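Q: Quick check, what structure comes out for this input:
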Amino acid sequence: MRHVPVHTQVDRPAHETSKGKKTKMNAVVDATHEQGSTLLRRGALLMTTGMLVALMTGCASSPASMPTTGPGMARASMPAPPSPDPRVGLSAGLMDAGEAIWNLRKLSSVAPPADFIGVTNSDLAFTGNYAIQGNYNGFMVWDISNPATPQLVTEYLCPASQSDVSVYRNLLFVSGEGLGGRVDCGVQGVPQAVSADRLRGIRIFDITDIRNPEYIHNVQTCRGSHTHTVLKDPQDDQNVYIYVSGSAPVRPADELPGCVAAPPGEDENSALFRIEVIRVPLANPQAAAIVSSPRIFENLVAPPRHGPAPADLAEMEEARARGAFIVEIMGEPMIFPDDVANQILGQIVQARGGTGNPTAADSAMLRERLPDMVAQMMGGGGDTEGPEPGPTQCHDITVYPDMGMAGGACEGYGLLLDISDPVNPMRTAAVSDSNFAYWHSATFNNDGTKVLFTDEWGGGGQPKCRPSDPMEWGANAIFSVNDGELEFESYHKLSAPQTPEENCVAHNGSMIPVPGRDIMVQAWYQGGISVFDWTDPDNIFEIAFHDRGPVNPDRMEMGGSWSVYWYNGAIVSSEIARGLDIFELVPSPYLTRNEIDAANTVVLEYKNPQGQPRYTWPASFALARAHLDQLERTGGLPAARIAAAREALTGAERASGQARAAALNTLAGELQNDAGRSTEGEKVRSLSDAVRGLAGM
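A: Okay, the predicted model is just below:
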């Protein structure tokens, strides 16, 4: 059954105060891997319960249909993808799970060091020959100069979920949001409800000597830093800017002065409905501080939403039958985790001075109080006048500095932002979609004409790629970008169904710099990683994949790829439970050797999860041949003309000096003439430009 979306377009906001009391939190604690170290602190029952409730909101996606042809693909000649899909039915295991791989070569898999085993591996950043991997216990630095044998060069123990990482030159930035993170990086946690020892914000390290990072500063924020974005403004060489997305409850003013949990309608200093902008002076990063708190969510109302999936409804009925606790979050019923409920019940027993197992009265008390507890942690509860407000925070903000814009994946909305003034980003467009439960991340194509948003339906730790899950839910959604507005184009989801024992959602990924095509690699947690072409939003197709079987054969246990990025020829994946995987693309009918080689001529100095570089290709014979391969695939030039151009390129490559330049200039002129007669004129002109660029070398 197709689920027809309700799309909402919102114009540039007027500068008025947003009103309303209900807010939404994203998942901020991984109870499986954090071993409860930040949960249920004595004297902080209400705050911690809210953090745990957040586990059930915020992050997940689902499976996907897959057209098999599109721009750059010859409809008649393309082979079908593997059938049956080898990702279905893989054997379970932590380090020995069954694996399926197609059109990729796995170069290495390495486990984390002892202090990080069993703790969630999170996001990745890159600088030089190094991959920096976040972990809820700190971060690791891997030397990937030889991707077949990555070497661990730094392990920095400094707990604070999620420990998302970004870099710029000699600086490393690390997010902290969990209640147990300490200013001094201690591992003992913070048991007090209010403490000057707690770190919730951004840590800054000097990595001039990357093998010996120096912790030099932190910037505390009212809601912590679930994720963050580093922005290098092309017009400002003195500073970098950090956009902080914090989705935890507002911390007490006694812990951080100036933090206000009331909505903006009650207090204009509210820490809700805003992001934080930190300016970091490059010459003095210890002076980094918050310089603005833009309210980019003004006048947004709660978006339309879908209800539970069929499998979730069945699970809900089973849970009710066994007496589990059911809570409502943003109008959707969810099963309150049994282990969390048991911990709270234990505290209720202790609070009344009792011992032993909870009584029926204790359970009734919790059942009665849960709605108010959830409502308070979601923004205070109570009735509101008029429509409920929209998002109070973003999950990710992807900046594209060369284009002067950013894509905000902000809970119930996808935003387009003008970042020409980095201190004061302005919303130019906002869209919602009833098929999207939680807008999580954004990726632009290279020319900035399209943006892909991900939907983490179900919260990151839930199985949402089951065969019965609706295909429109939890998808990527592609929008075209036109004059500062967003226009919906299509959905795309992972094609391989996963088991109920596998958390599977759309998560982080990046563009791969194949010239002339929009190709992306994306993580799907225990759905593995997938490479797909979205050049034509109406014909998105998969090119390559890697997947493992479930971590545990009997129950859902967290694992899979948190994030995967292309970086200087390598595809690097942060595996939540297993460590670090590195792959490379291999030629196939979907992607030629020349296209891969042309992509690998792009060399980045650094790469961050929420910062998008503009790819440019140096002149190379691989670039010219990649364009020829694409023209052959689509029939953009006659076969004889393509053969002649290939022969001319080969002859020019064998020549040198003036003879080479003359041969290339002649070929470039001929191709320029061909462009006017081709159905792929723009592609032929790109080929002509690539050949002319070779002549000028």
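Q: Lowest mean pLDDT among the helices and strands, pick that one out for the protein.
A: helix 31-34 (a mean of 29; mean pLDDT, DSSP states H and E).
Q: Return the residues in contact with Gly693.
A: Gly693 sits next to 619, 623 when contact means CB atoms under 8 Å, 6 or more residues apart in numbering. Heads up, the C-betas are built off the backbone N, CA and C, glycines and all.
Q: Would you confirm that it belongs to a helix?
A: Yes: under DSSP: H, G, I helix; E, B strand; the rest coil, Gly693 falls within a helix.
Q: Mind pulling up the pLDDT for it?
A: pLDDT, Gly693: 97.
Q: Let me see the contact set for the residue at minimal distance from the centre of the chain.
A: Geometric centre of the chain, nearest residue: Asn508, 3.0 Å, by CA atoms, centre = their mean. Contact partners of Asn508, counting by CB under 8 Å, 6+ apart, are 123, 441, 454, 522-523, 562-565, 609.
Q: any idea which element the closest residue in space to it that isn't next to it in sequence lies in?
A: Nearest-residue entry for Asn508: Ser563, 3.6 Å, with adjacent residues in sequence omitted and distances by CB to CB, 6 or more residues apart in numbering. If you go by DSSP states H and E, Ser563 is part of strand 561-567.
Q: Quickly run through the sheet partners of the helix or strand following that strand, with directions.
A: Downstream of strand 561-567, the first helix or strand assigned by DSSP H and E is strand 570-575. Strand 570-575 has its sheet partners listed here by DSSP bridges as strand 561-567 (antiparallel), strand 579-585 (antiparallel).
Q: Output the contacting helices and strands for the helix or strand containing Gly414.
A: For Gly414, the host element (DSSP H and E) is strand 413-418. With contacts defined as 3 or more CB pairs under 8 Å, 6 or more residues apart in numbering; DSSP states H and E, strand 413-418 has these neighbours: strand 405-410, strand 426-433, strand 439-444, strand 450-455, strand 476-482, strand 485-492.
Q: Generate CSV for those, with distance to Pro294 as supplementary columns.
A: Formatted as CSV, the helices and strands packed on strand 413-418 follow (distance: least, CB to CB, whole Å):
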stretch, distance to Pro294
strand 405-410, 11
strand 426-433, 8
strand 439-444, 17
strand 450-455, 20
strand 476-482, 21
strand 485-492, 19
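Q: Most tightly packed of those strands?
A: Burial of the helices and strands packed on strand 413-418 is given as mean neighbour count (mean count of other CB atoms under 10 Å); strand 405-410 ranks first at a mean of 28.
Q: show me what contacts Gly559?
A: Contact partners of Gly559, counting by CB under 8 Å, 6+ apart, are 94, 502-503, 525-526, 548, 550-551, 575-578.
Q: if I look at it, how far off is Gly527?
A: To Gly527, Gly559 is 11 Å away according to CB to CB, to the nearest Å.
Q: Could you name every residue contacting both of the two?
A: Taking CB under 8 Å, 6+ apart as the criterion, Gly559 and Gly527 both touch Glu502.
Q: what ranges do the helices span in the stretch 1-150 of the chain?
A: Secondary structure of the stretch 1-150 of the chain by DSSP state H, counting those that start in this stretch: the helices cover 31-34, 45-53.
Q: and the longest one, average pLDDT?
A: Confidence for helix 45-53, expressed as mean pLDDT, is 35.
Q: Do a quick rundown of the strands in the stretch 1-150 of the chain.
A: Shown for the stretch 1-150 of the chain, the strands assigned by DSSP state E, counting those that start in this stretch span residues 7-10, 99-102, 104-110, 121-127, 130-135, 138-143.
Q: Out of the ones you listed, which gets the lowest mean score?
A: Mean pLDDT is lowest for strand 7-10 among those, at a mean of 70.
Q: Parallel or antiparallel, list what pairs with that strand.
A: Using DSSP bridges, strand 7-10 pairs in its sheet with strand 426-433 (antiparallel).
Q: ok, residues contacting the partner strand?
A: 5-13, 294, 296-297, 300, 303-304, 390, 405, 408, 412-418, 477, 479, 484-486, 488.
Q: The stretch 201-350 of the chain: strands as residue ranges?
A: Here the stretch 201-350 of the chain has its strands, by DSSP E, counting those that start in this stretch, at 201-206, 214-220, 227-231, 239-245, 276-281, 289-292, 326-329, 332-335.
Q: C-alpha coordinates for the third one, PDB please?
A: In PDB, the C-alpha atoms belonging to strand 227-231 read as follows (Å, rounded to 0.1, in the frame of the first residue of the first chain):
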ATOM      1  CA  THR A 227      25.800  17.000  17.200                       C
ATOM      2  CA  HIS A 228      27.600  20.100  15.900                       C
ATOM      3  CA  THR A 229      28.700  21.600  12.600                       C
ATOM      4  CA  VAL A 230      32.000  23.400  11.900                       C
ATOM      5  CA  LEU A 231      31.600  26.200   9.400                       C
END
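Q: Pull up the gap between Pro537 and Phe488, please.
A: In this view, Pro537 and Phe488 are 9 Å apart by CB to CB.
Q: Noted, bye for now.
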